[in-house]
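Q: Got a predicted model here, sequence first, then my questions.
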Amino acid sequence: MRTSKNGNKPPKWSVALTALASLLLAGGCQGGKGPQTAPASVPEVATVKVTTGPVALMTELPGRTSAYRVAEIRPQVNGLIQKRLFTEGSHVTAGQVLYQIDPAPFQAVLDNAKAALAKAEANLQAVRSRAERFKELLPDKAVSQQDYDDAEAAVKQTEADIEVWKATVKTASINLGYTRIVAPISGRIGISNVTEGALVTAQQPTPLSTIQQLDPVYVDVPQSTSETLRLKRLLEGGRLNQGGEGQKKVKLLLEDGSEYPLAGTLQFRDVTVDPTTATVLLRVVFPNPQGVLLPGMFVRAVVREGIKEQAILIPQQAVSRDPKGNPVALIVDAGEKVQQRMLVLDRAIGDRWLVSSGLASGDRVIVEGMQKVRPGASVKVVPFEAPKSK
């Protein structure tokens, strides 16, 4: 027993308390079972239930716009340009006079033809009367048969001359009309390649100007032959339905990525394959009342392939990749255990994958919590809540 510094012994009640504390401490150590580990918690995962339903399949293809109609303005007679009667870049209507060629030479030819026609018509009456008189005198032998035949031939020759001059008058009138060069179609006219005073020739290779009809416009879209064959196999196998009125409707994306507000109509699919690109041409007609689409623009057409009736769509975040890059998904089976499925993906549609094979209707696909589980592990399933779009 220790003594205090001043040599006195500690009081008896202090010794008793020390002994009692030692006994309680020893009993507590002997009666305890040591530290206990908490049972491992089951991880929670969020799943979506696989369902099937019809999905419209779309293909985005590059294309280029072109004018609905194009008319190159060329003269049909030789002459000197007197006037240009339009404003470059303006809208012109069919029948509007664009250029005036000097009409004086053509008017003179027409007048000459009309005069010759009048002369032939006046001569016809005289030769016809002479032939009729010879016919009356022929039975009395007052004229010979030869004289009568010559008179009849003169009538027919004069009648033929009249027809020739009528045709000449018509031709001269047509050529005079060609001195007024008019617009064959309505549309936007471009720059003029000639000015007043220019000498032009009939059917010259260089057009005077060009008119383009821009409402509606064409969009020419090349589609690969391999894609065409793929669609044909899907249709023959019954996995794709191309029925419905909306099948020929086409959307358009402009060069800046914005969507053109008006839908187009698929007009036809060409039957000739371009040997240099192995593509066939799809021609789509788009209304263009505001003139937004101009010839030569690069655009992207969203063409409807058809409707897949029993399609499976799952969120993109539910799909991961194995070390070889193959797409896989984790599902929860009936025993609340994780299973891995190998997938075959068709394409992305928005924020979801279109699954060709690997999943069936009713499967519960893990969307959140995949990092915490492995195949064969038990999990607790909670419903997946998709983020709300702003």
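A: Arrived safely, thanks for sending. Numbers count the residues shown, from 1 in each chain.
Q: tell me how far the ends of stretch 357-369 are from each other?
A: The first and last residues of stretch 357-369 sit 23 Å apart, counting by CA to CA, to the nearest Å.
Q: And the residue most central in space within the chain, how far from Ala329?
A: Central residue of the chain (CA atoms, centre = their mean): Ala301, 3.1 Å from the mean position. Separation of Ala301 from Ala329 (CB to CB, to the nearest Å): 32 Å. Every residue, glycine included, has its C-beta placed from N, CA and C.
Q: Repeat that for Ala67.
A: Going from Ala67 to Ala329 by CB to CB gives 49 Å.
Q: again, but for Ala172
A: For Ala172 relative to Ala329 (CB to CB), the value is 84 Å.
Q: Likewise for Pro139?
A: Counting by CB to CB, the separation of Pro139 from Ala329 is 115 Å.
Q: same question, Lys249
A: Between Lys249 and Ala329 the computed distance is 33 Å (CB to CB).
Q: okay, the two: which has more neighbours?
A: Remark: of Lys249 and Ala329, Ala329 carries more neighbours, 23 against 15, as counted by other CB atoms under 10 Å.
Q: Can you tell me the strand partners of the helix or strand encompassing that one and which way each runs?
A: Using DSSP states H and E, Ala329 falls within strand 327-332. Sheet pairing of strand 327-332 (DSSP bridges) gives strand 320-321 (antiparallel), strand 338-342 (antiparallel), strand 364-368 (antiparallel).
Q: Deepest-packed of these, please.
A: When the strands paired with strand 327-332 are scored by mean count of other CB atoms under 10 Å, the highest mean neighbour count falls to strand 364-368 (a mean of 22).
Q: helix/strand/coil for the residue nearest to the centre of the chain?
A: Classification of Ala301 using DSSP: H, G, I helix; E, B strand; the rest coil returns strand.
Q: is it true that Gln267 touches Val284?
A: Yes - with contact defined as CB atoms under 8 Å, Gln267 reaches Val284; the gap is 6.4 Å.
Q: which residues in this protein form helices?
A: With DSSP state H, the ranges of helices along the chain come out as 12-31, 104-137, 145-178, 225-236.
Q: Nearest to His91 among those helices would be which one?
A: Ranking these by proximity to His91 (CB to CB) places helix 145-178 first, at 23.9 Å.
Q: list the buried ones in that closest one?
A: Buried residues in helix 145-178, counted by 16 or more other CB atoms under 10 Å: 148, 151-152, 154-155, 158, 161-162, 165, 168-169, 172-173, 175-176, 178.
Q: What mean pLDDT does the longest strand along the chain get?
A: If you go by DSSP state E, the chain has its longest strand at strand 52-73. What strand 52-73 shows for mean pLDDT is 88.
Q: What of stretch 201-216?
A: For stretch 201-216, mean pLDDT is 93.
Q: For the stretch 151-300 of the chain, which segments are assigned as strands?
A: In the stretch 151-300 of the chain, the strands defined using DSSP state E, counting those that start in this stretch lie at 180-182, 187-189, 199-200, 209-224, 249-253, 264-269, 279-286, 298-315.
Q: Okay, now the unreliable bits of the stretch 51-200 of the chain?
A: Along the stretch 51-200 of the chain, the model assigns pLDDT under 70 to residues 138.
Q: could you redo the last one with a cut-off of 90?
A: Along the stretch 51-200 of the chain, the model assigns pLDDT under 90 to residues 51-62, 119-162.
Q: Buried residues of the longest strand of the chain, list them for me.
A: Residues of strand 52-73 classed as buried: 52, 55, 57, 61, 63, 65-68, 71, 73 (neighbour count, 16+ other CB under 10 Å).
Q: which among the residues you listed gets closest to Ser378?
A: Distances from Ser378 to the buried residues of strand 52-73, taken by CB to CB, are shortest for Thr52, at 28.2 Å.
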